[in-house]
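J.: need a 3D model of the following:
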Amino acid sequence: MRIVNFEKGGVPGIAADDGSGWHGLTQREDGFPGTLPELIARGADLLRTGADLLRMHSIDLNAVRILPPVPKPPKILCVGLNYDDHLAESGLKKNFDATGAFGPWLMTPDAVPPGARKLRIQGRLNGRVMQDASTDQLIFGVAELIEMISVAMSLEPGDVIITGTPGGVGVARKPPVFMQPGDVFEVEIEGMGLLSNPVQE
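T.: Residues are numbered from 1 along each chain as shown. Have a look, this model is predicted:
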């Protein structure tokens with residue numbers, strides 16, 4: 001299930017897609033459940049909301065302006081060096097605590113065999129593939145990050161956790177590659193969709 005936050009002619013809207021196409025409502029229509037940020041803030045069941053939206057009329061995403069899921073998150077938390085290949089290209093190594101003889105190895109909910117949580121991620125600059133990885137390269141998975149961060153601070157609805165970037169970053173290339181005005185960078189996550197953003201000065 002995918003849910004998108006959009007506006008059309010200045011009117012907020014929300015739509016969902018389960019693979020059968022986008023369906024939803026605008027704020028001016030009966031049955032509008034609220035914007036995505038409002039739903040997140042009140043802890044709504046987004047799967048149920050998405051299922052309800054699938055029964056509404058179709059939405060052409062090319063005819064609307066897609067908005068960020070959370071335009072003003074309370075916190076944005078960035079996790080650095082969380083992909084194996086990016087760690088390697090940075091010249092750093094993993095550093096784990098040691099355990100003594102007969103000591104336990106603690107297995108977190110995300111400590112699963114490689115490939116078990118695999119979701120392909122690709123970054124392209126002007127059509128050129130710069131990053132090509134999968135989520136089984138994450139050093140700390142999503143559930144594990146939430147658990148660790150929650151120990152240090154309180155997380156609120158709408159907080160955004162950025163889980164890191166795969167290897168292939170421009171500054172680590174030889175010669176280095178930097179984005180310029182007029183460039184277009186795309187990020188595609190298999191099964192989720194594509195983000196395409198132009199670079200402006």
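J.: dihedrals phi and psi, Ser150?
T.: phi -60, psi -20 (degrees, to the nearest 10).
J.: any idea how far it is from Glu156?
T.: 11 Å (Cβ to Cβ, to the nearest Å). Every C-beta, even on glycine, is put in place using the N, C-alpha and C of the backbone.
J.: ok, now Arg42?
T.: Counting by Cβ to Cβ, the separation of Arg42 from Glu156 is 12 Å.
J.: kindly report the same for Ala15.
T.: Here the criterion is Cβ to Cβ. By it, Ala15 lies 25 Å from Glu156.
J.: of those two, who's got more company?
T.: Shown here are Ala15 and Glu156; by other Cβ atoms under 10 Å, Ala15 has more neighbours (27 against 11).
J.: next one, pLDDT for the nearest residue to Arg28 once chain neighbours are set aside please.
T.: Among residues not flanking Arg28 along the chain, Val11 sits closest, at 5.7 Å (Cβ to Cβ, 6 or more residues apart in numbering). On the pLDDT scale, Val11 is placed at 97.
J.: pLDDT weak spots in the chain?
T.: Along the chain, segments meeting pLDDT under 70 span 95-117.
J.: give me the most central residue, it.
T.: Ile162 (7.2 Å; Cα atoms, centre = their mean).
J.: can I assume it is in contact with Val79?
T.: Yes: taking contacts as Cβ atoms under 8 Å, Ile162 lies within contact range of Val79: 6.3 Å.
J.: next one: the helix or strand where Arg124 lies to chain centre, how far?
T.: In this assignment (DSSP states H and E), Arg124 forms part of strand 120-125. With Cα atoms, centre = their mean, to the nearest Å as the basis, strand 120-125 stands 13 Å off its chain's centre.
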